[in-house]
Structure formats: structure tokens, C-alpha cells
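**Student:** Here is my input; please provide its structure:
(chains A, B, C and D)
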Protein chains: 2
Amino acid sequence: MNIYDIAAKSGVSPATVSRVINGNRHVRAETRAKVLQVIRDTGFQPNAFAQGLNFNSIGMVGVLCSDFADSFYSRAVASLESHLRVGNMNVTVICTGYSVERQIEGIRKLKAKNVDAIVLIGAAYSEIPESYIAEVAQETPVVTVTTAVFDLPNVCAVCCDERGGTKTAIAELLAAGHQNVLFVCEHTGNSNSFKLRGYEDAYEEANIPSPKLVLTTGNSQPEAEAVIYRHLKDHIAEIDAVMAGNDVLAAYVLKAMHRLGCMRPVIGFNNSTLTTMVIPELTSVDNKLEDLCEIAVQRLIDILGQKTVQKKTVLPAELIRRESF
Amino acid sequence: MNIYDIAAKSGVSPATVSRVINGNRHVRAETRAKVLQVIRDTGFQPNAFAQGLNFNSIGMVGVLCSDFADSFYSRAVASLESHLRVGNMNVTVICTGYSVERQIEGIRKLKAKNVDAIVLIGAAYSEIPESYIAEVAQETPVVTVTTAVFDLPNVCAVCCDERGGTKTAIAELLAAGHQNVLFVCEHTGNSNSFKLRGYEDAYEEANIPSPKLVLTTGNSQPEAEAVIYRHLKDHIAEIDAVMAGNDVLAAYVLKAMHRLGCMRPVIGFNNSTLTTMVIPELTSVDNKLEDLCEIAVQRLIDILGQKTVQKKTVLPAELIRRESF
DNA sequence: TTGAAAGCGGTACCAT
DNA sequence: ATGGTACCGCTTTCAA
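**Tutor:** Below is the predicted model of the structure:
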């Protein structure tokens, strides 16, 4: 079933059918009605590839993230998808893990599929060579969510002030008299380097020498739990409070403390649903993921619509207070 | 940059370039090398839409799920994506929520994008009229993961024996002397109806009259937590143990019990990563999600390759014992 | 082994 | 307002 069949059944030319499909005004109401009726009767849908070939667009946005089983990324994709759906766009997702090679490979695959735009979620993508992003962006707009490292044409960034959010959280701990704050994160690259700067900021502003208590756990979850447990077991006496780079690590901190029969204030990051599933409920820095994604979609649509957009948007983080501090 | 440019630069015809791109054997090694060199030099990638128009395929699989922010679905999509990636296929995802209208709308959108196949994740899709699925499947193969209700040509199902898994779990509770087991779930439709049958099975096999203790919470998480808390507060005396339809609900059960200063054996479902983040660690029925997804991809590839496939695959569930029972 | 040319299913320009 | 047709970029048949 194609546009020629519809044309024949309607007694008009393919051109007219095309006009009807695309809402072109230059069609007599009567003719339009007739064609639409045939389209409805037959359940005809225009071939997406043929349309894609003409428009050079199929209404598909490519989303890259490190690991989709991580709730932070899946939340982001869910949010992006819901907003893009409104604009009649779909989403194709690729998980790239954390190696730059696979990240670049992911971008290549998205380009091969002729996506309308590319969204990179997460700070992990800050390690891709800027020149490569620049090259990609010549043809395909790139929007980064949570990273803001590329100052390039056709690239725009929507992120949260993680540094400030961390600073605020640590400052509150310091104000409450908890001077030796352990910061737990998977590794000290990317996003965590911003958070660590926030950590330093807070100490500096409070005029307290930073103890620089940082524990890195690696990316594997079971291993992270073990690392946290061992560290707290050996060093709990020197630790007044813990801040974690994400809620999962914070949950492991709570668990380790419970095992060790002690308790300290704990603050997580991301304000995920996990915060209310653990005991005590987790105080967490909200990095406004849903807002970021909504704005990212807005930017993306604006870029595709040739509008000029704000190149970098930074939303303030917010400390959400619960039981763990 | 198109195939004609490459042809010109290589001093051959577009047909030959096409042959090289598609690995056609009938090209002189020398010619092939020359063309490949030009392709490499220019970074040329064939237009996906034009290829799609010819092959009537763009290597894209459409995945439908209710809610992607739910870790069960995101885990499934992550798994599907990773396996499809190996076969050089991509994934496009649509979240449909739980209404049949939006589910059908989602399928329509996937068809409009000419996806190679459709994967439906979750029992929620069992409510779509079989006739509609049949119609869709005429053109686009459908694989259901976790549902197995459609016995139709070009449709195949990969699921886990949730009924049996629940029965085993409940049976163990009964054997340990916990006769009044509360079953907590969002609603009693779809997948939970199977689990509830497993619940009944266990009582029947043990020759104990089923107390039919079922608590439904609704789909919203904060509300579910409140419902669980209130119910346990009022009825904890009559409850010997709790089984939940998923790990999130089970976590809320643990939390409520903690609040109430009591403890009962608790068993969750899905064996998600949440099981090790809560205290006590959650015993859970593993529904083998990753295995299901791997098999689903295998089926899908077989169907697309015109092979005949097993229409329905059922994997046994497995009780993973942790601290909560 | 290679090239010419006819599609694939639409869109849009140019006539009428 | 409508139709004829070139064209989007690639594949593939047919001839050479």
C-alpha cells in the first residue's frame, strides 16, 4: 500500500495525496475529504523511510548514556522520551559504558541512523575529544545533559550546579559541627570532580582546613559496598559525616553504618526514589534531572527550528532534607 | 556526500560503490580497496533512509513498556539493547503508561516508524485486543517479554514462571510455619493475577486453607508506601509474613515494619539491585529478566531471519535467599 | 567485474 | 486546485 494506491482509489494524483498527507492548503476541501476517507479506510501510513529520504529527518533523537540500568540514566531517558513524544519525536538509546572508544562508537552509530539530534546524558561524555563533537555537531545538533564542557557551535548544555549543590550540603554539615566529612564516589573524574570542588568550597568558605577525606569505590556495585564497609569499619572514628556522589552509594553507607552499629549524618545525591526506600530516609541533593531533561528537549526543538538558543543553562541544586541528616 | 561522490572520487560507478558497501563478492579486490580507501578518507556513511527504503529495514527494534523510570523496565531495555547492539540493531523506546489506548497508540507510532520488530515488555500489554496484535504482527513481528497471552502467527512470548516462583516462595514461608502470608501488589490484574494463583497453589499443596490476604496499593509510589504502612499498623497481629509483587513494595514493607517496631519475614519479586540496598537485605524471587531479554532478542533475530521459533518460552523463577527471610 | 538505469515511496516544483 | 515528473540516495537487475 503506497501513495499511488491511495491516489488510484481516490481518483486523484499522487501529488494530491501527498498534499493531503502533509496538510498543504492548496487542496479543495472536497478532494481532501475524499482522500482522507480512503486513507482511513485502508489504514494507510506513509512510508517513513521515503519521507525520511525527502525531509532528511525521521523524527528520531539519539540518546547516549553510560548505563541504562542505572536509575539516574533511565530516569533521564524516561523524562526525555516523554517530552519528545509531545513533539512527535521518538528516542533511540544506546548504552556506551564508560570508555571513550565505545562512546565515540555510539555517536557514530547514531549518526549512521541519521538521527535528528543527539543527547548525551552524564558527565562521562566530557572526555570525548572536543574536535570530534565539533565535527558531529556540524551535521547533527548535540545537547548535553549534566555535562557542560563543549563550547561549540550547534552544541548546547543543560546542567545542574553540582558544585554549588555539594557546597551547600557540606556547608550545612559543617555548620552542624560535623567537620570531618567523608566524600564517597566511584571515581574522582567527571562529575565528581565538580562535587569535590564544592566540597573544598564549603571548607574554604567556613575557614576550616579541608580534611580531604575522599573514598573512591569503583563502578561495580557489590565491590563499592565492600569498599565502603571496610573503609568505615577502619576509619569511622575519624569521620563525622558522609556525603556520597549518588544515592546508591549513600544507601551502602547507611547499610555499612547499620552493620557497624554506628550512625553519622549521611547525604546522597540525585534525590532518586531510593531516598525513601531506605532507613533512615536519605537526605539528598536534588540535581533537578527532570527539569534538565525538559529544558534539554526545549533547546533541541529550538535548535532544530533554527532558533538561537542559550548555549549553557545551569540550574541550582536543592538540598532535600530527610532523616539521614 | 553520497554514493555518487564516492563513485566519482574512486573512478567507478555508483553501482560498484554500492557493491563494496554491501560486501558483494563481485568486485575486483583492487577496485574494492580503492573504493574503501575513498570511503575511509571521506568518512562517508551511506544514507540510512535510502538504504531503509530499499531494504525496508533500518535495523531498529521498537520497545514498548509502561514506565521506564521503573527499574524493572529500564533493566529490561538495557538488556535488550545490549543484545541487539551485537546484531547491529538499535532500539527505540516508548513509554505507554497503563492505559490500553496509549499502549495501542505506542504500537501505532512504532509501526509508523517502520521498525523491524516490536517488543512488548510487561504484563500490562496483555489487555490489548488480540485482533489488534494479530493485525500488527502481519507486517511486524512481535515478541512479548513477561507476557504470554497472544497465540498468534508472527508473535512469540518469552516469560518467567511467576506463578511457580510465587508458589515456591509462599511454600517456603508455610513450611517455616508462617501461615498468614500477606500478598502486597499494586493491583490484581495482569502479572499479579499469576502471582496470586501461585499464592493459592502453595496453600492448596500444603493443604492449608488460603487466608487470601491481599493488599493492593495502586501504582503511585508515595501512596503505596502510605497504604502499606496503614495496613500493617492495623493488621500486623494477623500477619505472619509478607510477600510483595515487586522489590520496591517489599522495601516499603520493611520500612513500615521498622517504623512499627516489628519484623516478619518478607519476600520481594524481581531480584533487583534494590535487594542489597535495604536493611535487612531482601529475599526475592528472581524472574530472570536478563535471561528473558537475551532469549527474546534471539527469537526476534530468528523470526526476522525467517526461521521458525518456539512460540512460547517459560523460564523457571528462582528464590534468592537473603536476610529478610 | 563493471556500468546503466529502473525502481523503492514519497515530496515539491513547474505547468496547466 | 490539480497533475506530471524530477529527484532524495541507494540497491539491484540486466547487459556488456
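
**Student:** any idea of the mean pLDDT for the helix or strand hosting A:Arg163?
**Tutor:** With the criterion set as DSSP states H and E, the secondary-structure element containing A:Arg163 is helix A:162-175. Helix A:162-175 carries an average pLDDT of 98.

**Student:** Return the distance of stretch A:219-233 from the chain's centre.
**Tutor:** Relative to the centre of its chain, stretch A:219-233 is centred 26 Å away, using C-alpha atoms, centre = their mean, to the nearest Å.

**Student:** ok so, going back, just list what the helix holding A:Arg163 packs against, helices and strands only.
**Tutor:** In this structure, helix A:162-175 packs against strand A:181-185, helix A:190-205, strand A:241-244, strand A:266-269, strand A:283-286, strand A:318-320, with contacts taken as 3 or more C-beta pairs under 8 Å, 6 or more residues apart in numbering or on different chains; DSSP states H and E. Where C-beta positions appear, they are placed from N, C-alpha and C, glycine not excepted.

**Student:** again, only this time at 6 Å
**Tutor:** For helix A:162-175, the elements it packs on are helix A:190-205, judged by 3 or more C-beta pairs under 6 Å, 6 or more residues apart in numbering or on different chains; DSSP states H and E.

**Student:** Tell me the helix or strand right after the helix it packs on.
**Tutor:** Sequence-wise, the next helix or strand downstream of helix A:190-205 (DSSP H and E) is strand A:213-216.

**Student:** how about that following strand: buried residues?
**Tutor:** A:213, A:215-216 (16 or more other C-beta atoms under 10 Å in any protein chain shown).

**Student:** Just the mean pLDDT for that strand, thanks.
**Tutor:** Along strand A:213-216, the predicted local confidence has a mean pLDDT of 97.

**Student:** And the next helix or strand past that strand?
**Tutor:** helix A:221-235.

**Student:** Contacts made by that following helix with the rest, please.
**Tutor:** Contacts made with helix A:221-235 from outside it, assessed by C-beta atoms under 6 Å, 6 or more residues apart in numbering or on different chains, are listed as A:215, A:217, A:252-253, A:256.

**Student:** Of those residues - the most surrounded one?
**Tutor:** Neighbours here are counted as other C-beta atoms under 10 Å in any protein chain shown. On that basis the top member of these is A:Val253, with 28 neighbours.

**Student:** Are we agreed that it is in a helix?
**Tutor:** Yes: A:Val253: assigned to a helix according to DSSP: H, G, I helix; E, B strand; the rest coil.

**Student:** For it, list the residues it contacts.
**Tutor:** For A:Val253, the contacting residues are A:228, A:242, A:244, A:266, taking C-beta under 6 Å, 6+ apart as the criterion.

**Student:** do that again at 7 Å, thanks
**Tutor:** A:184, A:228, A:242, A:244, A:266 (C-beta atoms under 7 Å, 6 or more residues apart in numbering or on different chains).

**Student:** any idea which of the residues you listed is closest to DNA strand C?
**Tutor:** Nearest to DNA strand C, judged by C-beta to the nearest atom of the strand, of these is A:Ala244 at 51.0 Å.
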